[in-house]
Every structure is written in structure tokens, then in C-alpha cells.
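**Student:** my questions concern the predicted model and sequence given below.
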Amino acid sequence: MTTHVAVELSPADGYVAWTQRAKALAREPGVPGVAVRMALLATYTTDFLAELLPLAGARAGLTPELLEFPFGQVEQVLLAPQTPFREGDYVVLAGTHHDVTGTVDETVNRWVGLWDAAARSGVRVVQLGFAPPAVDAYGPAAWHAPQSLSYRVREINARLAEQAAGRVLFVDVEQLAAQVGLRQWEDPRSWYRVRQPYAPDSLPWLASAIADTIAADRGRSARCVVVDLDGTLWGGILGDDGIDGIRVGTGPDGEAFADFQRYLRALTERGVLLAVASKNDRDLALRAIAEAPGMVLRVEDFTYIVADWRPKSEQLQEISDKIRLGLNSFAFVDDNPAECAQVVAAHPEVRALCLPASPAKFAAELAALPWLHPGSLSSEDFTRQRSYQALAAAERTATTDNLDEFLAGLEMVATIEPINSTTLDRAAQLIAKTNQFNLTTRRHTQTQVRKMAEDPQWFAATLRLRDRFADHGIVGVLLAEAVGGGTVEIDTLLLSCRVIGRNAENNLLAATAEWALAQGSSRLVGRYLPTARNALVRDLYPGHGFALEAESEQGSVFGYDLSGGALARSPHVREAQMQHGY
């Protein structure tokens with residue numbers, strides 16, 4: 001949970017409110033959050049921005065340690081032979097439209113070249129895009145005139161965003177400036193006086209965008225939004241007003257509720273799961289979702305629906321159990337402050353949003369929070385909703401209580417391949433977010449995973465799984481190192497919660513054992529490091545024939561003698577033939 005001084009804080013609250021709360025935060029000892037070390041390298045003064053970043057970080061679940069450098073020293077710091085950075089740091093690279101003095105190619109090449117320098121130091125880059133100028137000599141024709149500064153800035157942003165995919169994190173400052181308004185975004189007086197380009201009230205937006213991007217990269221985003229029905233998806237009380245009496249789709253409030261539903265559906269399209277927790281009669285609620293005129297969302301848009309008269313905290317626990325996601329992955333949205341308070345009291349790890357009175361503000365209120373920042377999107381994000389629907393379909397169509405028969409009927413096909421440029425983002429995303437089926441929960445950064453994948457002493461592979469219902473995409477990662485002495489040690493073994501119980505991990509372990517034998521190794525070592533969330537894999541290694549070798553409060557070490565050959569694959573998971581790979 002974030003500290004109380006950051007709760008319900010919005011970038012729209014402005015610079016004065018943010019500086020006041022930033023000072024209050026500095027007086028709070030031991031604020032919880034994911035520790036990150038963050039450097040600011042900019043062509044402008046960053047003092048005012050740096051003042052707000054600890055607060056933006058706390059709001060997003062981070063505790064940033066800031067490294068600041070004089071402005072205009074970007075190349076000097078990144079190219080210095082004695083780097084001030086360490087593995088896993090983040091470096092924020094930032095410029096302004098004042099830096100665009102040459103061609104588009106020259107500007108893009110400058111910043112992309114700096115990415116390469118940062119990568120050599122093992123640092124994760126956060127590249128800020130450029131805000132266009134508020135005043136352009138080409139006036140209304142600026143966006144269509146290639147000679148104008150506005151046109152060049154837009155082209156630079158598009159090129160940087162395209163090249164950032166799979167390499168660095170990109171913050172779309174142009175889009176932020178459009179939200180706030182270009183004339184309100186920058187402050188020429190501040191630029192000329194102290195080389196600080198932003199208007200004070202723009203700084204909370206920029207600080208939030210940086211912190212939210214890093215938080216998403218560290219797996220802090222909410223993965224499931226749980227919504228109420230009455231007063232949240234529609235106006236009125238279903239039990240009192242009936243299906244024909246609720247307001248959605250027509251009239252001022254009804255149109256606002258429908259647009260909020262469109263926003264929620266767009267979230268599902270990029271991989272956020274949607275569920276319902278409502279105090280209502282279940283049959284009536286399902287009928288309303290399916291039949292009420294003006295409804296945008298349908299039953300199939302929800303991963304799980306709970307409608308009964310239990311406390312909302314119990315409803316959320318049921319949803320968590322059924323979809324196999326921890327409650328710390330949930331954002332709860334309700335119009336009733338008492339319901340939000342009850343959920344947070346029972347489950348402090350749940351992020352709760354109590355909606356304002358006007359449905360016209362619902363989407364903006366939810367969008368302004370850090371929990372739903374998408375970070376880097378992978379192809380699996382866009383198919384996640386279909387994957388969960390397929391899992392539900394598989395359970396509904398099961399005609400046997402025999403697990404072997406059920407698994408055989410899924411007709412599963414696995415693809416195991418080395419982590420490469422096209423799968424690196426997804427592998428890093430899984431490492432950052434997976435908690436339940438994760439033997440060690442070591443949080444390697446994307447830069448670290450790339451180095452492992454490029455090192456011949458490492459086995460670094462992903463597992464892609466499909467069945468007769470859907471292609472679930474990349475759902476597993478295994479990292480193992482040849483540590484010498486004829487031993488290969490498994491550093492990371494994880495599976496997405498979507499495919500727990502299908503025995504696909506057998507194939508990953510078998511592929512690792514075969515690689516170890518090919519290296520001339522005779523022993524495979526695995527570790528189980530217990531957490532509050534991964535108890536279900538406590539006995540995984542013994543279940544595959546590994547012998548316990550050491551045990552302590554910090555975890556257990558298991559060994560497998562490869563002299564008898566590799567481990568067995570699952571008989572229910574067929575592997576696709578690969579021309580290259582493991």
C-alpha cells in the first residue's frame with residue numbers, strides 16, 4: 001500500500017498541493033514500496049521535477065532513490081568510463097523542443113545512441129518524448145508543414161516510440177501535453193530564467209508518468225478491475241427499478257455510464273481483466289448485463305461475475321481464488337464509500353477507487369490513477385481476455401472427473417524457444433509480475449534477462465502454449481546457469497496463473513535437463529525460496545525426482561542426478577518442432 005499522503009492524489013491537483021504532500025512524505029519514516037534507483041539526465045534543469053518524483057513513486061508503489069546530475073551533461077555522464085550507475089538502475093533521458101535544431105534523423109540518432117550507451121552499463125532507459133512548442137510560426141498549418149518545428153517534433157516522437165519497442169521504456173509527453181494543453185504545459189519565463197521548460201502544474205503529470213511507467217515495468221500495475229453494478233455500470237438500483245428502469249445509454253447520465261463501459265471494455269482489449277462484485281440477485285444481474293437496452297459490456301466481457309449478498313471483501317476473495325490472481329493485482333471500483341472502506345479494511349493490498357457523484361467523471365478518475373498504466377504491451381496482453389474465456393470454456397466442456405483424460409482432451413501444444421528480441425518484453429513482464437507459480441520470485445530487469453539470453457552459459461527460454469480452445473501465448477520462463485563443476489542451477493522457473501495445473505512445467509524442466517547434458521553437466525539444481533504467495537510450488541522439485549540437499553529459513557535446495565538421463569515431458573503436452581532453439 002502507498003503511504004497515506006499519496007492516497008487519492010491526482011496530477012490535476014496541481015503543483016502546490018503536490019509540493020505540500022511531498023514535504024509531508026519526506027517526514028514519513030519507512031514508507032513501503034518497491035525500491036528503485038533512478039537517475040535524471042536532461043538538457044534542462046530537473047530540480048523541480050525531482051522534488052515531486054518521490055511522491056509520484058509512493059503513489060505508484062515505489063520508493064525511488066534519485067540520482068541527479070547537472071543539466072546538459074547527458075552524454076558526459078552516460079559515456080563516462082567510470083559509470084555512476086549499477087545493474088538494474090533506471091535512467092530517465094529527457095530533452096525539449098529547444099534541442100531540435102537539426103534534422104529529424106540527427107535528433108533521433110542522438111537519443112537512440114544514448115540508449116546503447118546506457119545498455120552497456122546495464123541500465124534500463126526511460127525515454128521522455130518531446131512536447132511540441134505552444135507557439136509555431138507556421139500557425140494552424142504547422143502539423144502539415146515538414147519544415148515546421150511542430151511537424152518535426154511529432155515525427156521525432158513517432159520514430160523514437162517505434163524504435164523504443166522492445167528496447168527502452170517510452171513516455172509519450174506529447175500526449176500528456178495535449179491533455180493539459182500546450183499553452184498550459186510550458187512556461188517560457190521559467191525556461192529563460194532557470195532553464196526549466198514546464199509550467200508548475202505540468203510537473204505532477206510528468207512526474208506521475210515517469211513513476212507509473214517504471215512501476216508498470218516492475219509489475220505494479222493492476223491486472224484485474226472489479227466493478228460494482230448499481231451506480232457504477234448503470235444508474236439506478238436494479239432490485240428496485242428493474243431492468244427497464246436502470247439508466248444506461250440514453251439521457252445525460254445514461255450516455256456517461258455507456259462511455260464508462262466503453263472505457264472498461266477498451267481496458268480488456270489491452271489485457272486488463274474485468275470482473276463484477278455486486279450486492280444483487282445473480283440471475284437478475286446476469287439478465288440485466290445481457291438484456292438491458294444501452295449496455296455496452298456483455299457477460300462475455302467479464303472474466304468472472306459475483307452477485308450475491310455477502311460482503312464485497314468475500315466476493316473479491318472468491319474472484320481471486322477463481323481466476324488465480326492475488327488480491328494485490330486488483331483494482332476495486334465502486335460508487336459507495338462504505339463498500340470501498342470495507343474492502344480495503346479486509347484486504348489492504350486491494351487498490352480501491354470510490355467514484356465521484358457524476359458518471360461523466362468516472363473514466364477520467366480511473367484513467368488518472370497509476371494502477372492501470374500499461375507499461376510495455378506484449379502480444380499476449382491483447383489476447384489475455386480470450387485466453388481466460390478459453391479457460392472457462394475448457395472447464396465448462398469437461399466431461400470427465402479424471403485429470404489425465406481432461407488434460408489429454410485439451411490437445412495442448414508447447415513451443416519452447418530461446419528468449420530473443422521478439423520475446424524479451426514478455427519474458428521480462430512475466431518475471432516482474434508472476435507470484436504464485438514462481439520458485440524464486442527473483443525480479444530480473446529486462447536488461448539483465450537480455451544479458452542472460454546472450455550468454456552461452458545460460459539457458460534462457462520461454463514456453464508458449466496453445467490448446468484446442470485458444471493460443472495462450474508465452475506463459476512460462478526458465479532461466480538456468482551452468483555454474484561449473486558439472487552443475488546447472490535453475491535461477492528462475494515460473495508459469496502464468498492461467499496454465500497452472502496443466503503440467504507444462506515438465507516440458508520446460510526436460511528441455512533444461514537436455515541442455516545441461518549437452519553442456520556436459522551431470523547435475524541439475526533447483527531452489528525454492530518461499531514467499532507469501534508461492535506455497536503451491538513448494539513440492540514441485542521433489543515431485544519431479546529432485547532430492548532435498550539443504551534447507552533453511554531462506555529456502556530449500558534440491559538436486560537431480562542427470563546420469564540417468566533427462567527429465568520426462570508431460571504426456572499431455574506435445575511440443576512443436578523448432579528449426580532453431582532448445
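**Tutor:** Here it is on my side, so go on. All values reported here derive from a predicted model rather than from experimental measurement.

**Student:** how many neighbours does Glu269 have?
**Tutor:** 12 (other CB atoms under 10 Å). The way it works is simple: take the backbone N, C-alpha and C, and place the C-beta from them, glycine included.

**Student:** quick check: phi and psi at Val276.
**Tutor:** phi -120, psi 130 (degrees, to the nearest 10).

**Student:** you'd agree Gly166 is in a strand?
**Tutor:** No. Read with DSSP: H, G, I helix; E, B strand; the rest coil, Gly166 is coil and lies in no strand.

**Student:** how about residues contacting whichever strand or helix holds Arg287?
**Tutor:** Element membership for Arg287, per DSSP states H and E: helix 282-291. If you take CB atoms under 8 Å, 6 or more residues apart in numbering as the criterion, helix 282-291 is touched by 229, 234, 238-239, 243, 246, 276, 278, 295, 297-299, 302, 305, 307-308.

**Student:** most surrounded residue in those?
**Tutor:** Trp234 leads those on contacts (other CB under 10 Å) with 28 neighbours.

**Student:** hey, what's it bridged with?
**Tutor:** Asp230 (DSSP bridges).

**Student:** correct me, but it touches Ile243?
**Tutor:** No. With contact defined as CB atoms under 8 Å, Trp234 and Ile243 do not form a contacting pair (9.8 Å).

**Student:** where do the contact lists of these two overlap?
**Tutor:** Common neighbours of Trp234 and Ile243 (CB under 8 Å, 6+ apart) are 288, 292.

**Student:** before we move on, back to that, what mean pLDDT does the helix holding Arg287 get?
**Tutor:** In this model, helix 282-291 has an average pLDDT of 94.

**Student:** below-threshold pLDDT in this protein: ranges please.
**Tutor:** Flagging of the chain using pLDDT under 70 yields the residue ranges 1-8, 29-31, 373-401, 577-582.

**Student:** just want the most central residue of it.
**Tutor:** In the chain, the centroid-proximal residue (CA atoms, centre = their mean) is Ala216; its distance is 4.0 Å.

**Student:** could you say which helix or strand holds it?
**Tutor:** Counting by DSSP H and E, Ala216 is part of helix 203-217.

**Student:** so what's the residue count around Arg183?
**Tutor:** That count, for Arg183 with other CB under 10 Å as the rule, works out to 11.

**Student:** just Tyr138 next, same as before
**Tutor:** Residues near Tyr138, counting by other CB under 10 Å: 14.

**Student:** can you pull the contacts of it?
**Tutor:** Applying CB under 8 Å, 6+ apart, the residues near Tyr138 are 145, 147-148, 150-151.

**Student:** let me know the closest of those to Asp404.
**Tutor:** Tyr151 (62.8 Å; CB to CB).

**Student:** tell me the spacing between the closest one and Trp143.
**Tutor:** For Tyr151, the distance to Trp143 equals 6 Å [CB to CB, to the nearest Å].

**Student:** of the two, which one has the most company?
**Tutor:** Set Tyr151 next to Trp143 and count neighbours by other CB under 10 Å: Tyr151 wins out with 19 against 12.

**Student:** my guess is that one meets His144, correct?
**Tutor:** Yes. Counting by CB under 8 Å, Tyr151 touches His144, with 7.2 Å between them.

**Student:** would you confirm that Thr441 contacts Asn435?
**Tutor:** Yes. Between Thr441 and Asn435 there is a contact at 6.5 Å, judged by CB under 8 Å.

**Student:** any common contacting residues for these two?
**Tutor:** Counting by CB under 8 Å, 6+ apart, the residues touching both Thr441 and Asn435 are 531, 533-534.

**Student:** and which of those residues is nearest Gly501?
**Tutor:** Looking across those and measuring by CB to CB, the closest to Gly501 is Asn534, at 14.8 Å.

**Student:** the residue lying closest to that closest one once chain neighbours are set aside pairs with what?
**Tutor:** Closest residue in space to Asn534, ignoring its immediate chain neighbours: Asn438 at 5.4 Å, by CB to CB, 6 or more residues apart in numbering. Assessed by DSSP bridges, Asn438 has beta-bridge partners Leu494.

**Student:** what sits against Asn438?
**Tutor:** 492-494, 531, 533-534, 537.

**Student:** out of these, who's the most crowded?
**Tutor:** Leu494 (27 neighbours).

**Student:** thinking that residue is in contact with Leu439, fair?
**Tutor:** Yes. The criterion here is CB under 8 Å, and Leu494 meets it with Leu439 at 7.1 Å.

**Student:** how about the strands in the stretch 301-450 of the chain?
**Tutor:** Ranges of strands in the stretch 301-450 of the chain, per DSSP state E, counting those that start in this stretch, are 304-308, 330-334, 351-354, 412-418.

**Student:** out of those strands, deepest packed?
**Tutor:** Neighbour counts (mean count of other CB atoms under 10 Å) averaged over each of the strands of the stretch 301-450 of the chain peak at strand 330-334, with a mean of 25.

**Student:** partners of that strand in the sheet?
**Tutor:** In the sheet, strand 330-334 lines up with strand 224-227 (parallel), strand 351-354 (parallel) (DSSP bridges).

**Student:** for Cys340, give its distance to Ser313.
**Tutor:** 11 Å.

**Student:** please apply the same query to Gly543.
**Tutor:** In terms of CB to CB, Gly543 sits 34 Å off from Ser313.

**Student:** which of those two has more neighbours?
**Tutor:** Neighbours around Gly543 and Ser313, counted as other CB under 10 Å, are more numerous at Ser313. The numbers are 18 against 11.

**Student:** double-check that Leu479 belongs to a strand.
**Tutor:** Yes. Leu479: assigned to a strand according to three-state DSSP.

**Student:** what's around it, how many residues?
**Tutor:** Leu479 is flanked by 25 other residues according to other CB under 10 Å.

**Student:** do the one 10 residues further on as well
**Tutor:** Around Glu489 sit 19 other residues, with neighbours defined as other CB under 10 Å.

**Student:** list the contacts for the residue nearest to it when sequence neighbours are not counted?
**Tutor:** Of all residues not flanking Glu489 in the chain, Val525 sits nearest, at 4.4 Å (CB to CB, 6+ apart). Each residue near Val525 by CB under 8 Å, 6+ apart is listed here: 487-490, 549, 557-560.

**Student:** partners of whichever strand or helix holds Val525, with directions?
**Tutor:** According to DSSP H and E, Val525 maps onto strand 523-528. If you go by DSSP bridges, strand 523-528 pairs up with strand 487-495 (parallel), strand 555-561 (antiparallel).

**Student:** any idea which helix or strand comes after the first one?
**Tutor:** Put plainly, it is strand 487-495. With secondary structure assigned by DSSP H and E, strand 487-495 is succeeded by helix 505-518.

**Student:** mind listing what's buried along that next one?
**Tutor:** 505-517 (16 or more other CB atoms under 10 Å).

**Student:** just curious, which of the residues you listed is nearest to Pro197?
**Tutor:** Looking across the buried residues of helix 505-518 and measuring by CB to CB, the closest to Pro197 is Leu508, at 49.0 Å.

**Student:** coming back round to it: ok, residues contacting the next helix or strand after the strand holding Val525?
**Tutor:** With elements assigned by DSSP H and E, the helix or strand that comes after strand 523-528 is helix 540-543. Here helix 540-543 makes contact (CB under 8 Å, 6+ apart) with 439, 493, 505, 526, 528, 548, 556, 558, 560.
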